[in-house]
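> would you be able to build a 3D model of this:
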Amino acid sequence: MYTLLLVDDEEDVIEVIERKVSWEQIGFHVVGHAGNGFKALEMMEDMQPDVVMTDIRMPYMDGLELCSNIRQRFPATKLLLFTGFDDFEYAKEAVHLEIEEYILKPLNLAEITEVFKKLKTKLDDELNEKKNTDILKQYYAASLPVLQSNFYTTLIEGRIPENELGRYMSDYKISLEGPYYCCIIIHTSASQMPQGMDIRLLTVSVERQAQADLKERWNGRIFNYLGDTVMIAQLVQQEDISELTDECDRFCKYVNHVMGAKVTVGIGQVCEGIQELVSSYQSAREAVSYRVLYGSNRAINMTEVEPQRRISKDGDEGNELSYLFKMICIGKIEDVGTGC
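Numbers count the residues shown, from 1 in each chain. Sure thing, here's the model as predicted:
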């Protein structure tokens, strides 16, 4: 049922309209009637009807002035005018008021019924469209976590053009203030895990623990990529990387103690720009690969590994053999040739 407010200074006209038209059968309910525009506006505040049907000629405030006030304060309300023939052209000049229909006096009940049937169809269509829009908004809101995760994945792959970065972040409601960023990869070993445990369930448990232990402190954005948990950490200053490394190291030991999971956290290089996260991710991936040398159940910071790798590479024959062994373990074929 849509609600209707009738406005006319002639009570007998209102009585005829209210009594003679089968309102409920055509989907409307008359919630009130007013004898002038001022009274109608007062009633609008409380009732906020879907439709107002008003005469033009009334004391104190005529129908067009009333419609103008309603349009400003209650823009969704549908407006209908009934008027005498002499005022018809005058009423039609008020096109800016978006009047739904003009009904000429003397009033024809069959015509009124037909007008309101058409209006009911229009209101139904608008309501359905609004419901559909609301459903789409709800669906979009529910999809945001997936869209955000896809965005982070595409970001670390380096596939987001710089000129489109802002649009994506706005559309997906993503905020990355920085000013410094660092990618970390949390790798859960599938070969060293509690007996009878499913690696997928264990990885999810580790990710949930990361959400609890690391996300808030580092204003992190956590998502799953290639079977690992990845976090984009935001740092206030570059020196915070040491604290991040220590905290990740403690995290590895905690999940091993509580869940029996063997976890390695690879920590990539610190960068200043969001677009540079692709390099940070790549160095974090390389840091994880060093677990075959340094062992799992710990955090490996790539910035700490790099100097040791250069020393090993430039050292004596024993160090060269050690370096060669490292390169074979992590699959750096091009460096194997150099080491030889």
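> the residue nearest to Ile199 when sequence neighbours are not counted: what secondary structure?
What sits nearest to Ile199 in space, not counting adjacent residues and going by CB to CB, 6 or more residues apart in numbering, is Ala190, at 4.5 Å. Heads up, the C-betas are built off the backbone N, CA and C, glycines and all. Secondary structure, DSSP: H, G, I helix; E, B strand; the rest coil: Ala190 is coil.
> where's Ala190 relative to Glu157, distance?
Computed with CB to CB, to the nearest Å, the distance linking Ala190 and Glu157 is 23 Å.
> what are the boundaries of the strands in the stretch 1-150 of the chain?
Using DSSP state E, counting those that start in this stretch, the strands of the stretch 1-150 of the chain run over residues 2-7, 28-34, 51-55, 78-83, 101-104.
> mind listing what's buried along the last one?
For strand 101-104, the neighbour count (16 or more other CB atoms under 10 Å) marks 101, 103 as buried.
> before we move on, the earlier item: just give the number of residues close to the residue nearest to Ile199.
Using other CB atoms under 10 Å, Ala190 is surrounded by 13 other residues.
> that one touches Asp198, doesn't it?
No. The pair Ala190 / Asp198 is not scored as a contact, 10.0 Å apart, by CB atoms under 8 Å.
> what segments of this protein are helices?
11-20, 37-47, 63-73, 85-92, 109-156, 162-171, 199-210, 240-259, 277-289, 291-294, 302-314, 317-330, 333-339 (DSSP state H).
> Ile103: which of these is closest?
Judged by CB to CB, the one of these that comes nearest to Ile103 is helix 109-156, at 6.3 Å.
> mind giving me the packing neighbours of that closest one?
strand 78-83, strand 101-104, strand 221-225, strand 228-235, helix 277-289 (3 or more CB pairs under 8 Å, 6 or more residues apart in numbering; DSSP states H and E).
> let's have those in TSV, adding mean pLDDT.
Putting those into TSV (pLDDT from 0 to 100) gives the following:
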stretch	mean pLDDT
strand 78-83	88
strand 101-104	83
strand 221-225	95
strand 228-235	96
helix 277-289	94
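> among these, which comes closest to Pro145?
Closest among those, once you apply CB to CB, is strand 221-225, at 9.0 Å.
> contacts for the closest one, please.
148-149, 152-153, 156, 174, 176, 203, 207, 210-211, 214-215, 229-232 (CB atoms under 8 Å, 6 or more residues apart in numbering).
> among these, which ones are buried?
For the contacts of strand 221-225, buried by 16+ other CB under 10 Å: 148-149, 152-153, 156, 174, 176, 203, 207, 210, 214, 229-232.
> what is the most widely separated pair among these?
Leu176 and Thr203 (24.7 Å).
> so can I have a markdown table of the helices and strands packed on helix 109-156 showing distance to Arg298?
Shown next, in a markdown table, are the helices and strands packed on helix 109-156 (distance: least, CB to CB, whole Å):
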| stretch | distance to Arg298 |
| --- | --- |
| strand 78-83 | 69 |
| strand 101-104 | 77 |
| strand 221-225 | 20 |
| strand 228-235 | 16 |
| helix 277-289 | 11 |
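> so which of the ones you listed is nearest Phe251?
Comparing the helices and strands packed on helix 109-156 by CB to CB, strand 228-235 comes nearest, at 10.6 Å.
> show the contacting residues for Phe74.
44, 48.
> do that again at 10 Å, thanks
By CB atoms under 10 Å, 6 or more residues apart in numbering, Phe74 lies in contact with 41, 44-45, 48-50, 52.
> wait, which of these is closest to Asn297?
Gln48 (64.5 Å).
> and the closest one, what does it touch?
Gln48 neighbours (CB under 10 Å, 6+ apart): 3, 5, 31, 73-74, 76-77.
> closest one of these to Gln275?
The shortest approach to Gln275 among the contacts of Gln48 belongs to Ala76, at 44.6 Å (CB to CB).
> can you report how many residues lie near the closest one?
Ala76: 10 neighbours (other CB under 10 Å).
> could you shift the numbering so residue one becomes 12, and keep it that way?
Okay, using 12 as the starting number, the last item reads as Ala87.
> how near is Ser160 to Asp182?
Taken as CB to CB, the span from Ser160 to Asp182 is 14 Å.
> which pLDDT does the model give Tyr71?
For Tyr71, the pLDDT comes out at 85.
> quick check: it touching Lys50?
Yes. The pair Tyr71 / Lys50 is scored as a contact, 8.8 Å apart, by CB atoms under 10 Å.
> on that earlier part again, looking at the helices of the chain, which has the lowest confidence?
Sorting those by mean pLDDT places helix 344-350 lowest, at a mean of 46.
> distance check, the closest residue to Ile243 other than its chain neighbours against Gln222.
Nearest in space to Ile243, with sequence neighbours left out and distances taken as CB to CB, 6+ apart, is Arg232 at 4.4 Å. Using CB to CB, one gets 11 Å for the distance from Arg232 to Gln222.
> nice, that's everything, thank you.
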